[in-house]
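In: mind looking at a prediction? Sequence and model below.
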Amino acid sequence: MTQEEYATLPVVEEHLRIDKRTVTTGRVKVRTETQYVDEIASALLESEAIEVERVTINQPVEQAPPVRTEGNVTIIPVLEEVLFVEKRLVLKEELHVRRRVTEERFEVPVALRKQHAVVERIDETAFPRTEEGN
């Protein structure tokens, strides 16, 4: 075969190239607004008062009685030694201690802040579209 019998065929290859660019399509403005809302803060307050009542007994005892509780009353014996021909233990008095619980509603106005975002679109004619990047 001679060289004239050979045909030359070109080989073609395509390549893909992808570029990105940033395009401004519009603008927005974001701001926050703060509102003050008055609300009532409410709580139930509890207080406790102690009441002491002295009860005269003046009765001899062999030994000191223990502190005891009857219902909501705590009884605390108060003793005194009294000199007789012989020494005796006398229950002089008892302290009756009662607890009283009272409740009172407490309210106070409180200013609370609440914010929300406001988004406003800016007029596109003031900012024409621009292309950035390659």
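Out: Arrived safely.

In: tell me which element residue 44 is part of?
Out: Here residue 44 sits within strand 27-61, counting by DSSP states H and E.

In: excluding chain neighbours, what is closest to residue 79?
Out: Closest residue in space to residue 79, ignoring its immediate chain neighbours: residue 64 at 5.5 Å, by C-beta to C-beta, 6 or more residues apart in numbering. To be clear about C-beta, it is placed using only N, CA and C from the backbone, and glycine gets the same treatment.

In: residue 122 too?
Out: In space, and not counting its chain neighbours, residue 122 is closest to residue 27: 4.4 Å by C-beta to C-beta, 6+ apart.

In: which residue lies nearest the spatial centre of the chain?
Out: In the chain, the residue lying closest to the centroid (C-alpha atoms, centre = their mean) is residue 41, at 13.7 Å.

In: for the closest residue to that one other than its chain neighbours, grab the count of nearby residues.
Out: Counting by C-beta to C-beta, 6+ apart, the nearest residue to residue 41 once its immediate chain neighbours are dropped is residue 110, at 4.6 Å. In terms of burial, residue 110 registers 10 neighbours under the definition other C-beta atoms under 10 Å.

In: then residue 110 would be within a helix, right?
Out: No. Counting by DSSP: H, G, I helix; E, B strand; the rest coil, one finds residue 110 to be strand, located in no helix.

In: so what strands line up beside the strand holding residue 44?
Out: Applying DSSP bridges to the sheet, strand 27-61 is found paired with strand 87-122 (antiparallel).

In: residues in contact with residue 29?
Out: 119, 120, 122 (C-beta atoms under 8 Å, 6 or more residues apart in numbering).
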